[in-house]
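K.L.:
next come a sequence and a model predicted from it.
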Amino acid sequence: MVVRYEPPSLAVLPIRTAGAGVSSTTRLFNAQLDIEDGEGAIRPYLAEALPQLNTDTWRVLPDGRMETSYHLHPNLTWHDGAPLTGDDFSFAWRVYREPSLGVASRVLDLIEDVSAPDPRTVVIHWKQPYPDAGGLRFDFQPLPQHILAEPFSSADPDAFSTSSFWTVDYVGAGPFRVGHWEQGASLEAIAFDGHVLGRPRLDRINIRFIPDENTALTTLLAGEAQYATGRSLRFEHASVLKREWGAAGKGVVLLTPDTMRYTSVQFRPDLVNPAALLDLRVRKGIVSAIDRQALNDALFDGGGSMSDMFLTKHAIYDHVPDMDRTLAEADKAMTHYPFDPRRAEDYLASAGFHKGQDGIQTSANGERLSMEVWADAGPQYEKEQAVLADTWQSVGIDSHASFVPPARLRDGQFRSSFPALHTTSAGRLESLASSGIPTAQNHWAGSNRGSWSNPQYDQLWDAFNTTLDPQSRSQQVVQMLKLASDELPSWVLYYNLSVSAHVSALKGPDNSGLNSDTWNVYEWEISR
């Protein structure tokens with residue numbers, strides 16, 4: 001299996017940020033209370049069943065707090081053979097809530113306590129109503145108390161978070177256990193006989209870390225790998241694979257509209273440059289000069305999934321009825337900024353800008369509208385930034401791209417220090433909430449890296465996370481998306497196409513599960 005990034009931690013909920021694109025690997029070694037399948041549905045995993053609202057398994061208390069209860073499968077074990085019990089969930093909660101470790105999670109902030117009345121029962125005590133409590137997915141995982149209790153109580157936070165437990169000595173409960181790990185090259189995953197859903201059909205998987213997508217393609221075509229995960233290949237590689245494999249039926253190429261490709265504006269007064277970006281009229285001018293059709297043609301041969309909505313239909317929020325209908329309603333309510341160079345110049349003129357002798361928009365006090373745009377490293381994103389620069393240049397907006405290598409993406413403080421714009425992938429509604437602003441106090445772990453803060457949006461987001469009525473949640477989504485389009489703290493360019501591919505002999509990979517394309521890896525099998 002070829003992946004692009006080597007994970008700095010194998011935990012699905014790491015103590016320190018794990019960086020981008022590692023879920024395909026971490027999935028192999030972990031099991032949680034539940035799991036999201038390829039259709040976005042939540043299934044029980046370590047638990048026998050999911051909590052159901054208005055039953056004994058999901059109780060809303062008179063004072064507004066909640067309790068959700070899980071009954072674990074019998075005879076659960078960790079990779080080292082030790083029993084996995086409710087106490088391991090309670091211990092994990094004590095670890096994750098430790099302030100000195102700085103684990104940032106909106107879900108963890110809503111949990112008051114996690115208890116284990118008996119070895120097979122886990123009770124999560126919530127501070128307030130939380131409508132997504134029935135599907136925690138990657139937001140909470142057990143940790144082996146028998147291994148970590150002593151170092152957690154005696155080691156300093158830095159020593160605990162950098163312990164070899166999180167990498168080469170990792171012990172989880174997923175379908176595979178850690179074998180030999182050659183740092184910077186490969187990681188061996190060995191089938192775990194005690195996996196709760198049965199022993200995997202594959203005996204072992206050799207995970208190869210190949211940051212260069214062209215090398216990943218060559219490796220796959222040479223028969224040195226049987227599967228390349230999403231993010232390890234680019235869109236143009238899909239055409240190559242279809243041509244090389246198609247007629248002979250040698251392999252399968254999977255294309256899925258993935259996470260958003262979006263741009264954030266820097267709102268920290270001490271960092272933003274030019275300061276004119278804080279003027280909404282300037283942001284409207286910048287967005288009106290984005291030619292999404294040119295991006296589609298250049299990146300996807302006209303076959304991409306272009307959008308300006310800050311949410312994909314694949315976003316998993318429980319108790320939102322009919323996400324397609326909700327997003328259609330939001331699309332009607334939103335403010336849209338179609339490509340219109342003349343209107344872009346009008347917005348800039350209203351903000352006091354005019355074209356100088358060099359053709360660049362300049363304010364009355366001589367400030368040139370020149371922006372440094374950070375973007376992820378990679379050929380697709382270099383082409384993307386070239387298209388944006390061309391259209392912006394045509395209306396007098398000067399931009400120059402700085403490409404961030406994968407290793408720097410793990411540095412939360414660095415990622416939040418961009419001076420003007422930052423174009424990256426992923427993003428959800430919480431990426432615009434004030435609670436997601438990275439700070440030294442939360443170890444720079446939040447996803448609102450532009451540090452936009454809006455009381456109305458925060459109020460909507462807080463209500464969304466405490467409202468149990470599905471129709472009300474749907475309307476809150478609509479209002480948040482409208483506010484984001486009105487204020488433009490960020491804007492979406494397109495929905496990225498995730499490309500994964502596997503040889504025909506390998507059965508089972510399912511790229512429709514956007515949180516992890518290896519969600520069902522225990523079912524994979526290969527013919528000889």
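P.N.:
It's in.

K.L.:
show me the shaky parts of the stretch 101-250 of the chain.
P.N.:
By pLDDT under 70, the weakly predicted segments of the stretch 101-250 of the chain are 104.

K.L.:
wait, a strand at residue 193?
P.N.:
No - counting by DSSP: H, G, I helix; E, B strand; the rest coil, residue 193 falls outside a strand, being coil.

K.L.:
the closest residue to it other than its chain neighbours in helix, strand or coil?
P.N.:
Spatially, and ignoring its direct neighbours in sequence, residue 193 is nearest to residue 199 (5.2 Å; Cβ to Cβ, 6 or more residues apart in numbering). (Glycine included, C-beta is placed from N, CA and C.) Using three-state DSSP, the structure places residue 199 in coil.

K.L.:
now do the contacts for residue 199.
P.N.:
Residues in contact with residue 199 (Cβ atoms under 8 Å, 6 or more residues apart in numbering) are 191-193, 522.

K.L.:
try residue 329
P.N.:
The neighbours of residue 329, taking Cβ under 8 Å, 6+ apart as the test, are 474, 478.

K.L.:
run a quick neighbour tally on residue 527.
P.N.:
Using other Cβ atoms under 10 Å, residue 527 is surrounded by 8 other residues.

K.L.:
which residues touch it?
P.N.:
Residues in contact with residue 527 (Cβ under 8 Å, 6+ apart) are 505, 507.

K.L.:
quick check, central residue of this protein?
P.N.:
Centroid-nearest residue in the chain, with Cα atoms, centre = their mean: residue 426, separated by 4.8 Å.

K.L.:
torsion angles phi and psi at that one?
P.N.:
In terms of degrees, to the nearest 10, the main-chain angles of residue 426 are phi 80, psi -150.

K.L.:
bridging residues for residue 182?
P.N.:
residue 186 (DSSP bridges).

K.L.:
tell me how far stretch 38-52 lies from the chain's centre.
P.N.:
Mean-position distance between stretch 38-52 and its chain equals 20 Å (Cα atoms, centre = their mean, to the nearest Å).

K.L.:
tell me the two of the contacts of residue 199 that are most distant?
P.N.:
Using Cβ to Cβ, these span at most 11.8 Å, a distance reached by 193 and 522.

K.L.:
neighbour count for the two, which is higher?
P.N.:
For residue 193 versus residue 522, neighbours defined as other Cβ under 10 Å are more numerous around residue 522 (23 against 12).

K.L.:
circling back to that earlier point, OK, contacts around the residue nearest to the residue nearest to the centre of the chain when sequence neighbours are not counted?
P.N.:
Distances taken as Cβ to Cβ, 6+ apart put residue 259 closest to residue 426, at 4.5 Å, once the chain neighbours are dropped. Shown in contact with residue 259 (Cβ under 8 Å, 6+ apart): 312, 425-427, 495-496, 498, 514.

K.L.:
can you tell me the SS state at residue 123?
P.N.:
Looking at residue 123 with three-state DSSP, the answer is strand.

K.L.:
any regions of this structure where pLDDT drops low?
P.N.:
17-21, 104, 313-319, 321, 511-516.

K.L.:
can you list the domains in it?
P.N.:
As assigned by automatic domain parsing, the chain contains the domains 1-11+174-250+504-528, 31-167, 258-497.

K.L.:
out of the ones you listed, the one nearest residue 24 is which?
P.N.:
Among the domains of the chain, the nearest to residue 24 by Cβ to Cβ is domain 1-11+174-250+504-528 (4.2 Å).

K.L.:
from the middle of its chain, how far away would that closest one be?
P.N.:
For domain 1-11+174-250+504-528 - counting by Cα atoms, centre = their mean - the centre lies 19 Å from the chain centre.

K.L.:
kindly report the same for stretch 95-112.
P.N.:
18 Å.

K.L.:
ok, residues contacting it?
P.N.:
Taking Cβ under 8 Å, 6+ apart as the rule, stretch 95-112 contacts 13, 15-16, 65, 93, 124-128, 130, 132, 136, 139-140, 143, 148, 152, 157, 160-161, 430, 433, 435-436, 441-443, 445-446, 465.

K.L.:
what does stretch 384-391 give?
P.N.:
261, 289-291, 294-295, 298-299, 339, 341, 373, 375, 399-401, 403, 423, 493.

K.L.:
what are the boundaries of the helices in the stretch 151-300 of the chain?
P.N.:
157-161, 213-221, 235-245, 280-288, 292-300 (DSSP state H, counting those that start in this stretch).

K.L.:
could you export the fourth one as PDB, CA atoms only?
P.N.:
Read that as helix 280-288. Taking Å, rounded to 0.1, in the frame of the first residue of the first chain, the C-alpha atoms of helix 280-288 are listed here in PDB:
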ATOM      1  CA  LEU A 280     -14.800  43.100   3.000                       C
ATOM      2  CA  ARG A 281     -14.900  45.000  -0.300                       C
ATOM      3  CA  VAL A 282     -11.300  44.000  -1.100                       C
ATOM      4  CA  ARG A 283     -12.100  40.300  -0.300                       C
ATOM      5  CA  LYS A 284     -15.200  40.600  -2.600                       C
ATOM      6  CA  GLY A 285     -13.000  41.900  -5.300                       C
ATOM      7  CA  ILE A 286     -10.500  39.100  -4.900                       C
ATOM      8  CA  VAL A 287     -13.200  36.400  -5.000                       C
ATOM      9  CA  SER A 288     -15.000  38.000  -8.000                       C
END
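
K.L.:
what helices or strands is it leaning on?
P.N.:
helix 341-350 (3 or more Cβ pairs under 8 Å, 6 or more residues apart in numbering; DSSP states H and E).

K.L.:
now the element after the helix it packs on, going C-ward?
P.N.:
Per DSSP states H and E, helix 341-350 leads on to strand 353-355 as the next helix or strand towards the C-terminus.

K.L.:
so what touches that following strand?
P.N.:
Outside strand 353-355, the residues that touch it by Cβ under 8 Å, 6+ apart are 276, 282, 285, 361-363, 369, 396.

K.L.:
so which of the residues you listed comes closest to residue 84?
P.N.:
Taking the contacts of strand 353-355 together and measuring to residue 84 by Cβ to Cβ, the closest member is residue 282, at 54.2 Å.
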